[in-house]
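[1] sequence and predicted structure are below.
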Amino acid sequence: MIGLNIHIRLDSDDRRYLPGESLTGRFSVDGPEHDTVRAAEFSVLWHTTGKGEEDLAVHFFERFSHERISQLDFRTPHPFEIRLPFSPQSYDGMIVKVCWCARLRLFLPRGQEIVSEEPFRLGETQPTLMN
Amino acid sequence: MIPSRHDNPFASCWTQPKNQVYQFHAGESVDLLISCLENQGWRGQVFGPHGIGKSTLLTTLARELSCRGYDIQPHSLRGAQCLRWREFTTSPTVNRRTIVIVDGYEQLRPWSAWWLRIRCRWTGAGLLVTTHRPCSLPVLACLLPDLEVVQRLVAKLSQHTPTSVTRSVVKASYIAHRGNVREILFDLYDRHERYRREL
Amino acid sequence: MPLRIPLFMKKRGQRRTGVRWLGPLGEAVLFAVLLLLGADGIAMLMVGAITPPWPWLVGIIPASLLLYGGLGLVELMWHSNTSTELRSAVAKKAADLELRIASGESPHTLPAIPSIARVVDSPGVRLAYRLPIDTSPKWMLLGMTLICICWNLLVGMFVYQVIDLHVSGHPNWLLTWLMVPFVLAGLWTLVVLGRAIWITTGIGATRLEVSHHPLHAGETFHLLVSQAGRINMRWLKVVIVCQEQATYAQGTDTRTEIFRVHRQLLYRRRKFNIKAAEPFAVETEALIPNAAMHSFVSPHNSVDWLLIVSGKAARWTIFERKFPIYVYPTSETSEAKQRASDPTMPTNLQPQS
């Protein structure tokens, strides 16, 4: 069991954002093994899910090296602010869904990785109803 | 509602062979199969009808063999692909720690399959394949439909995401699709989406 | 004991074991042989060393060898002397350049949205744009015609030779029987081509024009449907459709599934005649539902909007012609629209920096 906790908090209570709006929040990492993190990658991305093969595209990406993590100390919440694009908007379809999330990936010793993500909604597209 | 991959436990991201662990019958295990494979000189075939879980079993075995330090060379064939000699790579030294895995062995052209077998025997590399019909390699596993295995698989998939799909629905789907696990999971995906929208 | 020159190599990250040059050398030899055979064949035809009855047609064979061998060598050199990153960068640059020329906008402005270049390049007669059909039958017909002509001409030459042998009293029965399946295949291509031409020309062209493009959710647009031909129509329908498409590879199978999420009938008419000199035309309007999903495309998934014109003519099968349309995400948010209609409404958005 890895002794690390990842927290990603978005400022919007309902996690709903409009196209072109800023996605703001903060992330932090704590736990007894927080100083074993070799590197971290924070990204804002969309991916598809459903019946088809999963497609993925990264909108924002930032990598933190070991030195930078030591300087920044991720136990303290690290803020982020990213301008969201106009597309693709979140979509709850029958066989195709488009999902947005903020993701933090931590790289640990011996090739281990842990990932945590916080989904949010972009746009006001209605879910597909049954015909 | 925020769309997420957790909306449907039968989405492809959860049901693809690379993300699943094969559900063994009672009395079977991955250790037993690997022991069997070793007794057969690291040569074996897994055969069974479409959608029965051959690729999933192959992935599970490959993962375990990789953890045990074997060098795995996977090849997945779709359509009438020919395993071109230029693309087929194997260790040039006699290496019993190399195992070549071919998913869809029956799609190889006869001379490609022959060359592959000869090449593996010559170098000492293992050969593990999936096929829809028996071939000349020793049989490692012959997969047949099993409702209980499917029920366990569905229970495992839906342990983190509640679903209105019941055991009787799974049974009905199993009968309708004659045990084809792939088609059953697609069917359950559709049913889950319908139930979700009716609520 | 390992081979001195191993025939296979193993990739280990960026390194390779074994002899690297053997594989590409073998390929180069193969392509060079094909190139030489092709060049030799063409040279022999040109100097008259061989004189077949239809030299220009027979010349297709050595020309194909020449082309295949030459292109293979070029591709081999390109792959040998450039890195994967360079090839990828060049391909991406070419794709971006084509997109910029076609649409006049950066491909990164609206990610995962298909380009409307095909639509805006084609002005309509009465409305702003004429929509291209999803699959043009012209190219298919052209391809089928070429195959039919080439095959039947080549087979005809050999049949002529066979008949000549029979007439001259030296029949070659083996060759005669070998020609039977080729002749039957040629007749089959003629039948298929004839049927395809009959269906395509008999029904006539369907044109569809729209008032503007791209479209947005909640928007109404006008469309003009025109159907040519001399046909006694049983019925004609125009519908607007939104469908999801998902492609998945499970095990060794690849499958594509389509699910229709929205369908609305825009126009329907029963039992009427279309005259050759007077194409049928009707103008109507369509609404993209509020909060509908915009057009979306990714490598394995898509959301597509289509206008479908379908109909049944007397003594014909049902025909269906699909015209893709593109719904773009709205640039204005619904809150901004509400504010425009009610200026007193408080705003929750931060000012744009």
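    Structure's in. What do you need?
[2] give me every residue in chain B lying close to chain A.
    Residues of chain B lying near chain A by CB under 8 Å from any CB of the partner chain: B:1-5, B:7-8, B:11-13, B:186, B:189-190, B:193-194, B:197-198. C-betas here are computed from N, CA, C, even on glycine.
[3] and chain C, which of these contact it?
    residue B:12.
[4] narrow the residues of chain B next to chain A to those in helices?
    If you go by DSSP state H, these have B:12-13, B:186, B:189-190, B:193-194, B:197-198 in helices.
[5] pull the most distant pair out of the residues you listed.
    Greatest spacing in these, by CB to CB: B:13 and B:198 (23.7 Å).
[6] more neighbours: these two, which one.
    Neighbours were counted for residue B:13 and for residue B:198 using other CB atoms under 10 Å in any protein chain shown; residue B:13 has more, 17 against 8.
[7] assess the claim that the more buried one and residue A:53 are in contact.
    No: checked against CB atoms under 8 Å, the pair residue B:13 and residue A:53 is beyond contact range at 9.1 Å.
[8] in chain A, what residue lies closest to chain C?
    Of the residues in chain A, the one nearest chain C is residue A:52, at a distance of 3.0 Å by CB to the nearest CB.
[9] helix, strand, or coil at that residue?
    What DSSP: H, G, I helix; E, B strand; the rest coil gives for residue A:52 is coil.
[10] phi, psi of the closest residue in space to it that isn't next to it in sequence?
    Among residues not flanking residue A:52 along the chain, residue C:246 sits closest, at 3.0 Å (CB to CB, 6 or more residues apart in numbering or on different chains). Residue C:246 adopts backbone torsions of phi -130, psi 130, taken as degrees, to the nearest 10.
[11] how about the contacts made by residue C:246?
    With contacts defined as CB atoms under 8 Å, 6 or more residues apart in numbering or on different chains, residue C:246 is in contact with A:50-53, A:95-96, C:256-257, C:259, C:300-301.
[12] in the sheet, who's paired with it?
    According to DSSP bridges, residue C:257, residue C:301 are recorded as the beta-bridge partners of residue C:246.
[13] could you measure it against residue C:297, distance?
    Between residue C:246 and residue C:297 the distance is 12 Å, computed by CB to CB, to the nearest Å.
[14] again, but for residue B:179
    Residue B:179 sits at a distance of 36 Å from residue C:297 (criterion: CB to CB).
[15] neighbours of the closest residue in space to residue C:298 that isn't next to it in sequence, how many?
    What sits nearest to residue C:298 in space, not counting adjacent residues and going by CB to CB, 6+ apart, is residue A:55, at 3.8 Å. When neighbours are counted by other CB under 10 Å, residue A:55 registers 19.
[16] pLDDT wise, what is residue A:55 at?
    Residue A:55 is assigned a pLDDT of 93 by the prediction.
[17] what of residue B:86?
    Residue B:86 is assigned a pLDDT of 45 by the prediction.
[18] what are the ranges of the helices in the stretch 151-300 of chain C?
    C:173-203 (DSSP state H, counting those that start in this stretch).
[19] what does it put close to chain A?
    C:217, C:244-249, C:257, C:259-261, C:263, C:290-294, C:296, C:298-300.
[20] and the helix or strand of chain A with the lowest mean pLDDT, what other elements does it pack with?
    Between all helices and strands in chain A, the lowest mean by mean pLDDT, DSSP states H and E belongs to helix A:66-72, at a mean of 84. For helix A:66-72, the packing partners by 3 or more CB pairs under 8 Å, 6 or more residues apart in numbering or on different chains; DSSP states H and E come out as strand A:39-50.
[21] between the helix or strand following the strand it packs on and strand A:39-50, how many degrees?
    Downstream of strand A:39-50, the first helix or strand assigned by DSSP states H and E is strand A:56-64. Interaxial angle, strand A:56-64 versus strand A:39-50 (axes from the mean of the first three to the mean of the last three CA atoms, to 10 degrees): 170 degrees.
[22] now strand A:56-64, how far from the chain's geometric center?
    Relative to its chain's centre, strand A:56-64 lies at 9 Å (CA atoms, centre = their mean, to the nearest Å).
[23] contacting residues around it?
    Contacts for strand A:56-64 (CB under 8 Å, 6+ apart): A:39-48, A:72, A:82, A:84-85, C:111-112, C:298.
[24] quick one, which of the residues you listed are buried?
    Applying 16 or more other CB atoms under 10 Å in any protein chain shown to those, the neighbour count classes A:39-48, A:82, A:84-85, C:112, C:298 as buried.
[25] closest one to chain B out of the residues you listed, please.
    Nearest to chain B among the buried ones among the contacts of strand A:56-64, with distances taken as CB to the nearest CB, is residue A:47, at 7.5 Å.
[26] is the closest one bridged to anything, and to what?
    residue A:56, residue A:99.
[27] surely residue B:2 meets residue A:118?
    No: using CB under 8 Å, residue B:2 is not in contact with residue A:118, being 9.9 Å away.
[28] who touches both of those two?
    residue A:15.
[29] confidence score at the closest residue to residue A:33 other than its chain neighbours?
    In this structure, residue A:33 finds its nearest non-sequential neighbour in residue A:3, 4.1 Å apart by CB to CB, 6+ apart. In this model, residue A:3 is scored at 75, pLDDT.
[30] equivalent analysis for residue C:314, please.
    pLDDT recorded at residue C:314 is 81.
[31] any idea how far it is from chain A?
    31 Å (CB to the nearest CB, to the nearest Å).
[32] burial count for that residue?
    Around residue C:314 there are 10 residues (other CB under 10 Å).
[33] how about residue B:37, what does it touch?
    Residue B:37 makes contacts with B:43-44, B:61, B:126, B:128, B:140, as judged by CB under 8 Å, 6+ apart.
[34] correction: residue B:40
    Neighbouring residues of residue B:40 by CB under 8 Å, 6+ apart: B:138, B:140.
[35] where are the low-confidence patches of the chain?
    Using chain A. Applying pLDDT under 70 to chain A picks out residues A:1-2, A:130-131.
[36] sorry, I should have been clearer: chain C.
    C:1-23, C:47-55, C:77-108, C:134-139, C:199-202, C:250-253, C:331-353.
[37] and the residue most central in space within chain B, what pLDDT?
    Residue closest to the average C-alpha location in chain B (CA atoms, centre = their mean): residue B:55, at 1.8 Å. Residue B:55 is assigned 87 on the pLDDT scale.
[38] which strand or helix spans it?
    helix B:54-67.
[39] how about the CA coordinates for that helix, as CSV?
    The C-alpha trace of helix B:54-67 is given here as CSV (Å, rounded to 0.1, in the frame of the first residue of the first chain):
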residue,chain,number,x,y,z
LYS,B,54,-8.7,-16.0,-25.4
SER,B,55,-7.1,-12.5,-25.6
THR,B,56,-7.8,-11.8,-22.0
LEU,B,57,-6.2,-15.1,-20.9
LEU,B,58,-3.2,-14.4,-23.1
THR,B,59,-2.8,-11.0,-21.6
THR,B,60,-3.0,-12.5,-18.1
LEU,B,61,-0.5,-15.1,-18.9
ALA,B,62,1.9,-12.6,-20.5
ARG,B,63,1.7,-10.3,-17.5
GLU,B,64,2.5,-13.2,-15.1
LEU,B,65,5.3,-14.4,-17.3
SER,B,66,6.8,-10.9,-17.6
CYS,B,67,6.7,-10.7,-13.8
